Structures are given as C-alpha cells and as structure tokens.
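**Student:** just coords:
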C-alpha cells in the first residue's frame, strides 16, 4: 500500500498470511449436516495482541504528564492535557524519545530486530475519545519486528500446555510498534471525590482525556499458542519482562496491559476432513482471568457455532467479539465490520526515526538482567530449585527486594552463595507466608533488606535458631520497625542462641526427669525418640537453644552415640 | 510624517514619474510613500515617532479602509495600544526596542493568538466552524514577532482553511483588491496581502501551501515570501496540508522581508519539522549585486496562457539581470505540467486528515440534533453546517484518494511525482542556476466571482507556485510590473525560487530586480 523506501523487510500484518492462505468461506457443515458426534478432535490456534501502556513521565507526543506513570496515577479527569493532547487547531506532535527507547528495550528483550528506519502513520477514525480523529501509529514500518520468546517453565511445573512442559517452546513475535492511546468515555455519572454517587445513568457521555496520548506499545505474536494456559503463561511472562525493564507499571486493573487474542479452531471430522473456524478477535481484555476465560469459551463454542452456521475461515471472515466478565462468555459486538477503512498515510508532522547502530547498542546496554537470566543465575549460583528461583523472579519488586537482601548480607560478610540461599529462604518462607496473610508482596511487609541481611548474618553465625529467625522476621514486619537494628532486637527479646552450658544442662536434665518413659526408650536404642526430648528443651529455652547442640547433649546423657 | 527613506534613485523615479514603458499612474500616485518596517522601527527607536502613534495610525487606516475592502476579520485596538505603550516605555527607559520594536503587523487568521489570561479575539480560519473559536495559546511565529517588539493589530481575512486562490472562499465575505475593489487580491492570504498593499501595515504574516503568499503578493504589487519548508515553525498555524504549509511575510520591500525573516526563522522544539540551522542575518548581503550569478528561466514559465503583461514582465526581468552582469539561461522543469495534479492529491489528502478534528465535540460549531439522531449525525451535521463548499470538496477528494483501493493510484503516484518535481529543481540548481525566475501567476487579478464556479480554473492560478511547495524550496515574489486589463492598470508579480535554505542569496537577487525596476514604490492607496 504505502511505498517502502528503506528499512527491514515488511512484516506481514497479523493473520494476513493465514487469511490469504485460507480458501473462501463455504458451508460444508450445512450441506453435509455434521453433528457433534462427527467431531473427532478440535485443535486451538491463538495469536495474541498485547497493548502495553508505557510508564514514561510524559506522553507519546507532548510534554503533558503521562497517567500511566505512577507519579500521575489517579489524576483528576482532564488535568493531564495541553493543546497537543486536546487536538487543538495548530498543535503539533513531538516524539518522546524515552518512549521509543523503552520500546526498543522491550523489542530487544523479545528477540526482535530493531528497524534502522521507521516512521509514523496516521490511522483515521472518528470517536469522541480520539481528539484528532486520527491516531498516530506505526503501520508499515514497526519499530520492532521478527522476534521470538522462549516460553517460561511455570513455577508450579507442568503447566498443562498441549506440548510437553519440559521442552522449551518459542512464541514468534511478528512486530511491536508504538502508538498513542485514546482517552476514556464515561456513559454513567462518575463518583464524587472519594466515591459515592457514581453509576447514575446520564443522557450524555463524558470524556476524560488524561489517558489520551499515553505511549502504547502494541506487541503482536504469531498464532503459536495451542492452549489457554500457554497464552496466560506467556502474557504473565511478558508483563514480568516489561516490568523488569521499567517499561510499564503493569497494573492490570488500571488497564496498563490489555489483551486481544485472535482465536480459531481446527476441527478434525470423523470422515477425515478438516474444518477451520473463522478467526475471532476478542477486544480489550484486561485481566488474565478474562484472557483465559475468553479463549476457553471460544474453544468450546467455535465448533458449536460451526455446526450451526457452517462458517469457515476465509477472506473477510474475521469477526470481533466482546467479553462479558459476569457471564464469562464472549458475544457479538455491535460494530460495523466492513465500515473500517483507516486510510493510513505517513504522518507529515513527524520526522521518520533513524536508529543507527550506536543508538541501538547504547539502548541495548541499558537493558537490565531479565527474569529468565536471573532464574538461571539463582539456580546455578545459589543452588536453588527451579520452583524457588522461579518464585523469586515472578514479581519484579520481590525480585529486586531479594537481590538487595543478598547484597546487604554480602556486605555483612556472608559469602555470595550462602547469602543468596539464605535470603531466598527468608523471602520465600518467612516473607511469603506473611505476605499471603496480608495480601501484599513480600517486599511490602515493612522489613528492610538490611534487617533481613542482619538476620541471615545471625543465622550464619549460629547465634539465632531458625525458629527465632522467623520470629524476629515477624517482629521486624510490625509497623515502625524499619529503623530497628535486628541484632539488638534479638538480644533484648532474648532470642539469641543460648550457649550457657549450665542452663542447657539444667533444661536437659529437667526434660529427662519429666519424660522418664521417653528417656528410657532412647536409652534402649530408640534414638528417634530423642527428638521429643529436644522439643521439650527447645520449649523450656523459649526457642533460644540450638537444637543441634541440645540433641547431642540428650544423646550423650542417655548413653547413645551421636550420629 | 517625514521619514528618512532609504530608497534608490530609480525607486524614487518610479514613484515620482512613471518610466517611459511603465503604466500611467492612477492609484496612490498622490500619496507619499508610507514608511517601511525598517523606517518605522528606526523612527520609533530614535523617538522621532512613538509606537503608539504608529499603531494608532495603522488602526485608523484599518478602520477607514475595512468597510470597503473587508481585509480584517478582527482588530484588537486596546491590546495593540497596550503593546505599543510597552514598547514606548522600554525605549523611554533606555532598553532596546527589539528588531521590530513598535512596528504594527497583521496576522492571517489561521494563526493562533491568545493565552488563558489574554484574549486576542478569535482564530476563525475564515470558517464558520471556528467562527467563535478562541485559542488558549499563541503560535510560535506570532510569539517571535511580539518578542521582537512588533505590535499585532488584528487578524486578516482568508480563504476558508487557506483553501483558495482568491480570498472568495471566506465564510466572512471576500476581501477586495486595493488596486481594484471589483477584483480579488489573490489568496488564500487575501487579507494579509491587502493589508500591506493598502498601506495599513508595513508587514503581515501569511501562510503558503501552494502559493497562498506569493500569488496574492503578485496581484497586490507587494513582496511576499515562502521560506524553505522548516524555516519557520508551524506550531500554532492551523494545519492545512502539513508537508506543504509554511508561514512567511508580506512586506513592501525586500529589505523588510529580510528583517521579518530574521525574526521568524529558527528551530522550535514544538515543531519537529522546523529546521536546526545556525542563525543568519538575511539582510546582510542585500546590496551585493548579482554579477556572475546565473538565473534560470524555466521553459515552462513561457506559457501561452500567460497574460502579455506577465510574459513582458519576465522578459524585462531577464534584461535587468543581464544588464547587471548575471547570466540568464533557459532550464527545463519537465514535470511541471503534473505539479497541479500531484498537488491537488497530496494537499486534500493531508487536509482531510488535518480537518478531521473539527467535529463539534470539543470546540467549534456543533449542530443541534433532532430527537433520535446520534453521534454520527452530530459529526456529519456539524461538519456539513460548519465547512464551506471548497473545504468540503477537498475533504471528499482527500478522503477518496487515501481510501483503500485508490491509495496507490492516487496518493502513491502523487508522491512519486512530487519526488520528480523536486528532482527537476535540484537538477536546475546543479546545472549552476542560483535562482529560477518565473511569474507568480499567469494573469493579473481577476474579477470577483469570475472563477468561483470553475474550481479547475481556480486551481490553475497555482501553476507557478505549487512546485515550490512540493519541492520544499524558498520562493519570493516581488512587484514585476503592470499590465492593462479592461482598461485598468493592474500589477503582476515576479517570482524567484532558490535552493533550500538559500534565502540570503535569493533575497539579494530579488533586491537587485527591485532596485532596478522600483515597481513596488507604487502603492494602491488613496
């Protein structure tokens, strides 16, 4: 359509190839009148479009603050605006370089090539949330193209994908291009400050243009998914990568990431014939639950619809459906499909973007270590299991918190592998347990990396038992404890391991005296019973005794060899 | 008011008595020459005259002349006098008045003027759809003028959204040519050209997308320049065809044109397409002469369609240059015949997109809806009621040429032609031409109503100007002489086109023709 002068080979628009290859729609189902019993198997095929709101300080083409940046989150409606955002007469867009660099980073993390020459196009359509009535986007020359991502092995193992979970699977990335987001329309009365009064029906619509002009990265995958699980796993992985890169806050409830799966099924019939159902695009899903639900619904419903109407994939048979979060089903949207002619043409108000090697490599050098690489490092350096390592990289904030704990512990003299291992234990056990209870992240409990490092150090010095360590961790999570010295608190609370031989002797003697039957069992060779006596001693000591030392003492007293 | 007039002997001669082969003076010959930008600025800064006096005089003339010629859509007397007082105060306080200190200037009404605090009236673009629109911000070009001390006295009439070559497509009635009120002043910068030609202001700003500064300058016997694309920020200029639009000045002399460019040009962070160039003094070499330079005369400029006075003006200019020691050569711009076609695809395509924002939702005219009418009705009714015929014609053309199935045949082809046309100009400059000489339009001013029902005839007014916009080059028009039409003496313009960013030399070449012919000294005032 648009003449291509320079740059990389033109990536096909999503599904173009699939559509073109398909035979025109016909209705064999109707003519042959198949029934459910004739369906031998159904294979799912999904490609994903993901819209990521970038967390730059300012908007894509103006200096107005960006609502997707955490500092401007929740701004009053229509306060993050200027002549450019409002599309006032005479206003001109100016490209935000930071947004381009962020997109390059995401593209590189997804294994994409970065276009040496790219430009902006106008996409025309009328809608009240689109101030200029065209969106500045990238049509023919996307900034990033031709990548692939290795599917992560889920933390829980398995994963339920159609392919074997242990084999790495690659998802092709067709392209990732930048554009500007639209504003928001409200069709019911908004709540007054602090809620209240919202939801009242109104006979007009309201427009909030705070989101208009937010940089939006649209990532389009190949139709490489064959299960809803895979799609969700990929989507979560993608969110995680983007968050590690600092490219988005990735708060799903705020629409920082929106998904549009393109779904169809390939039906194998008992007579050997294959039928491909039309591609259905589900618009604007903003939760993983909705993403999974929509795909699962379509997988079940498309063969039913095919049996009923016989419609198959072919040119001009792509449909759009919406998702009903309550009913958990997709439905036809009231939209004129064929009315869309976006009349793309090159944006004359912006210069093309030339990415030379220097710029590209300079941006590449700023890419932080990605979750997959961190996972491998944790397994190798800290001897963590896959599950533990995966849990640590699952959430950016927790991961960064964990790494600060490791660094602080190293600073206290704990050697690197031990620091990594112990910090993992702290974060994944003492931390995760409490985080679950409070429904926050392990990094948000109030305890600081320095305090965790101090606990690790006490453990490494054998001056704190694991029980006390966990208790101390809990104490430091209480409000107002962030400035407290962990070692001091352990001392004042009497948590330090008791090394006083006299006291230990006394507790051991007491335990034996009060549990004569158990002591006899141990004397007669039932060494396992010693554990109960150790437990009694630990109780008597208030958890401050070192269980290993106590066990040795008990066994010695009862004339048993120490093993 | 007696001012030191820095005019050449020939210019004086042209004013005092007509050259033998020149026209019989009929208009303005009894009027002393009005001061130029530089004369006014010097008089004000040396306190021979106050900025307030200069501003009052401009406002008075505007008020007196406007009922007859419909030049101004709005005047801001209070704001202008206030601005002039500030200039006078600065001068009284010993501060520099700025390169345009106290000079009254008018703007085409497609340039945004205003701030949340200061009301500078409306920015209508000559359209009903923006009839009540007030801009909350000021365009960069006007801001630069004001920073240089200029006093903005008002906003000028224009063809709606700058679409037109006669000024007749304004929703607020046509502007009349000061040389003959029955005739058009040209367009689309009709009011801006007439304001200078009628002696109201010594300078004004227009915008030029396909000739909208140069054609009216020629029809009004003044100097008008479209700088190289990217020289002047387009921020705050209501966009018509973004890849072609460029703001430029109307003045009565080439020196004033240079003085205006000195203020207007420069990079603007609000406009990505504005050029990053080292600062220049465009007036520094004006009097250096043209000896040894080569002036190309395109074969295509000698069209049969040219009025004899236009053809004669070209021949006269060639003789002048040869007399000054320059070499005149014929050059070929073979793709010129396709220029109008390509222009009238690219221009409506961009316009259809740029004008999409005028939908009645956020600002501008909003239609009243009948019960059961919906959003689409709101869009289509608001636009149908708000836009005039020519604007609707271009929106439809542009929408069509960009629609799928037609894009390649029209838009892609037009872009190829555009590259070819640029190639023609580049080749001429590579052959050694320092400037190309051609008319600004084929005929002197035509009568109001003459071409209103023939859009193609109107579009052909731009035959000598659109190529320059398509190629992004600087073009200047200066008074080229006079011709007789229906017994009336009417001015014709002479256009000079230079390589990109070569304004300094182009101005110098234009200045030599001005100095030798002096046609610009005649004014349509009386």
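**Tutor:** Noted; the coordinates are in hand. Worth saying up front: this structure is predicted, and the values here are computed from it rather than measured. Residues are numbered from 1 along each chain as shown, chains lettered A, B, ... in the order given.
**Student:** tell me where the stretch 101-250 of chain B has strands.
**Tutor:** Secondary structure of the stretch 101-250 of chain B (DSSP state E, counting those that start in this stretch): strands at B:104-108, B:151-156, B:203-208, B:223-226, B:246-251.
**Student:** and the fourth one, what does it pack onto?
**Tutor:** For strand B:223-226, the contact count by 3 or more C-beta pairs under 8 Å, 6 or more residues apart in numbering or on different chains; DSSP states H and E identifies strand B:203-208, helix B:214-220, strand B:246-251, helix B:254-264, strand B:475-485, helix B:503-517 as packing neighbours. All C-beta atoms are positioned from the backbone trio N, CA, C, and that covers glycine.
**Student:** one more pass at 10 Å, please.
**Tutor:** helix B:190-197, strand B:203-208, helix B:214-220, strand B:246-251, helix B:254-264, strand B:475-485, strand B:488-497, helix B:503-517 (3 or more C-beta pairs under 10 Å, 6 or more residues apart in numbering or on different chains; DSSP states H and E).
**Student:** can you tell me which of the strands of the stretch 101-250 of chain B comes nearest to residue B:186?
**Tutor:** Closest to residue B:186 of the strands of the stretch 101-250 of chain B is strand B:223-226 (C-beta to C-beta; 9.3 Å).
**Student:** pairing partners for that closest one, with directions?
**Tutor:** strand B:246-251 (antiparallel), strand B:475-485 (antiparallel) (DSSP bridges).
**Student:** single out the most deeply packed of the strands of the stretch 101-250 of chain B.
**Tutor:** strand B:223-226 (a mean of 33; mean count of other C-beta atoms under 10 Å in any protein chain shown).
**Student:** quick check: residue B:473 vs chain A, distance?
**Tutor:** 17 Å (C-beta to the nearest C-beta, to the nearest Å).
**Student:** next, format the helices and strands packed on strand B:223-226 as CSV and append mean pLDDT.
**Tutor:** Shown next, in CSV, are the helices and strands packed on strand B:223-226 (pLDDT from 0 to 100):
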stretch, mean pLDDT
helix B:190-197, 97
strand B:203-208, 98
helix B:214-220, 98
strand B:246-251, 98
helix B:254-264, 98
strand B:475-485, 96
strand B:488-497, 96
helix B:503-517, 97
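**Student:** buried ones in the helix or strand hosting residue A:533?
**Tutor:** Using DSSP states H and E, residue A:533 maps to helix A:530-540. Neighbour-count burial for helix A:530-540 flags A:530, A:532, A:533, A:534, A:536, A:537, A:538, A:540 (criterion: 16 or more other C-beta atoms under 10 Å in any protein chain shown).
**Student:** tell me the one of those nearest residue B:149?
**Tutor:** residue A:538 (88.6 Å).
**Student:** got a list of what residue 277 touches?
**Tutor:** Here I'm looking at chain A. A:29, A:42, A:45, A:263-267, A:298, A:301-306, A:309, A:311-313, A:317 (C-beta atoms under 10 Å, 6 or more residues apart in numbering or on different chains).
**Student:** my bad, the chain I had in mind was chain B
**Tutor:** Counted by C-beta under 10 Å, 6+ apart, residue B:277 has contacts B:228, B:230, B:231, B:265, B:266, B:267, B:501.
**Student:** let's see 7 Å
**Tutor:** residue B:501 (C-beta atoms under 7 Å, 6 or more residues apart in numbering or on different chains).
**Student:** how near is it to residue B:258?
**Tutor:** 15 Å (C-beta to C-beta, to the nearest Å).
**Student:** now do the strands in the stretch 101-250 of chain A.
**Tutor:** Under DSSP E, counting those that start in this stretch, the stretch 101-250 of chain A gives strands at A:113-114, A:117-118, A:121-124, A:134-137, A:144-150, A:170-180, A:184-188, A:201-208, A:215-221.
**Student:** return the residues of the stretch 401-526 of chain B in contact with chain A.
**Tutor:** Within the stretch 401-526 of chain B, the residues that sit near chain A (C-beta under 7 Å from any C-beta of the partner chain) are B:402, B:403, B:404, B:407, B:408, B:411, B:412, B:415.
**Student:** so which bits of chain A are right by chain B?
**Tutor:** Counting by C-beta under 7 Å from any C-beta, the residues of chain A near chain B are A:1, A:3, A:83, A:86-87, A:89-90, A:92, A:94-95, A:122, A:124, A:126, A:128, A:131-134, A:341, A:343, A:345, A:348-351.
**Student:** list buried residues within those.
**Tutor:** Using 16+ other C-beta under 10 Å, the buried members of the residues of chain A next to chain B are A:83, A:86-87, A:89-90, A:92, A:94-95, A:122, A:124, A:128, A:131-134, A:343, A:345, A:348-350.
**Student:** ok so, going back, possible to save the strands of the stretch 101-250 of chain A as CSV with mean pLDDT?
**Tutor:** Shown next, in CSV, are the strands of the stretch 101-250 of chain A (pLDDT from 0 to 100):
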stretch, mean pLDDT
strand A:113-114, 98
strand A:117-118, 97
strand A:121-124, 97
strand A:134-137, 98
strand A:144-150, 96
strand A:170-180, 97
strand A:184-188, 89
strand A:201-208, 88
strand A:215-221, 98
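**Student:** now the nearest residue to residue B:292 once chain neighbours are set aside: how far from residue B:331?
**Tutor:** Using C-beta to C-beta, 6 or more residues apart in numbering or on different chains and skipping the chain neighbours, the partner closest in space to residue B:292 is residue B:325 (6.5 Å). Here residue B:325 is placed at a distance of 19 Å from residue B:331 (C-beta to C-beta).
**Student:** of these two, which one has the most company?
**Tutor:** residue B:331 (22 against 12; other C-beta atoms under 10 Å in any protein chain shown).
**Student:** any idea what the closest residue to the more buried one other than its chain neighbours is bridged to?
**Tutor:** For residue B:331, ignoring the flanking residues on the chain, the nearest one in space by C-beta to C-beta, 6+ apart is residue B:296 at 3.9 Å. Residue B:296 has the following beta-bridge partners by DSSP bridges: residue B:329, residue B:436.
**Student:** for residue B:225, see how far away residue B:296 is.
**Tutor:** 19 Å.
**Student:** repeat that for residue A:345.
**Tutor:** 29 Å.
**Student:** contact partners for whatever residue of the stretch 151-300 of chain A ends up closest to chain B?
**Tutor:** The nearest approach of the stretch 151-300 of chain A to chain B comes at residue A:207, 7.6 Å away (C-beta to the nearest C-beta). For residue A:207, the contacting residues are A:128, A:129, A:183, A:185, by C-beta under 7 Å, 6+ apart.
**Student:** which residues touch the first one?
**Tutor:** Pointing back at residue A:128 there. So residue A:128 contacts A:185, A:205, A:207, B:361 (C-beta under 7 Å, 6+ apart).
**Student:** is the third one in a bridge, and if so with what?
**Tutor:** In other words, residue A:207. residue A:185.
**Student:** related to what we said a few turns ago, ok, of the residues of the stretch 401-526 of chain B next to chain A, which come out buried?
**Tutor:** In those, the ones that pass as buried (16+ other C-beta under 10 Å) are B:402, B:403, B:407, B:411, B:412, B:415.
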